[in-house]
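S.K.: Based on what follows, work out the 3D shape:
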Amino acid sequence: MFREMRRCKQLLSAEDTAAVMERCTNGVLACLGDGEYPYAVPLSYAYSNGRVYFHSAKAGHKIDAILKNPKVSFAVVDEDTVVSKEYITYFRSVIAFGRARVVEGEERSEAFGALVEKYSKDQPEEAKRRAIAGCTQSHIIAIDIENMTGKEAIEHVNAKRVQEK
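M.R.: Model (predicted):
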């Protein structure tokens, strides 16, 4: 169902792919928007328990698109270093495909906690608990990932090979 990556030598391991997802702070959600035009929106997220979680207003383009068609993709760029003299970039990125859904109950609390911890870990624990308990103005959305691949510039692959020798 999902295509294999064409440049398989540049494929990140599952562990490296998960590490990219854990350390990045923003990505781009792509879904089917109004008039069947692609709708891509940057957002902050947390990667937890093999899922992508983010918050959303309860009304708007993003939530309307997800509720109409839950199939989405989500992309993050971990590195994008321009190497002018070589006419390239040294990059590392991940793309995930899955189905988005509104989460409820305990999963909502855990997902919201993951978001709060990622973006406000320096705040007092009591303040974080209040923020999680008091947020009723937004949805928490999960992307249940069906396929995820990471890719990096061949220069990174070659540098790893040299280090291993």
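S.K.: Where does the closest residue to Pro42 other than its chain neighbours fall, secondary structure wise?
M.R.: Distance criterion Cβ to Cβ, 6 or more residues apart in numbering; nearest residue to Pro42, sequence neighbours excluded, is Val28 at 5.2 Å. From N, CA and C alone the C-beta is placed, and that goes for glycine too. Here Val28 sits within strand 26-32, counting by DSSP states H and E.
S.K.: elements contacting whichever helix or strand comes after that strand?
M.R.: Next helix or strand after strand 26-32 toward the C-terminus (DSSP H and E): strand 38-44. If you count contacts as 3 or more Cβ pairs under 8 Å, 6 or more residues apart in numbering; DSSP states H and E, strand 38-44 packs onto strand 26-32, helix 61-68.
S.K.: Go through these and name the closest to Gly50.
M.R.: strand 26-32 (15.4 Å; Cβ to Cβ).
S.K.: quick one: buried residues of the closest one?
M.R.: Residues 27, 29-32 are the ones in strand 26-32 that count as buried (16 or more other Cβ atoms under 10 Å).
S.K.: Same check on stretch 95-107?
M.R.: So, applying 16+ other Cβ under 10 Å, buried residues of stretch 95-107: 95-98, 100-101, 103.
S.K.: before we move on, what about stretch 132-144?
M.R.: Buried residues in stretch 132-144, counted by 16+ other Cβ under 10 Å: 132, 139-143.
S.K.: Among those residues, name the ones in helices.
M.R.: Residues of the buried residues of stretch 132-144 located in helices (DSSP state H): Ile132.
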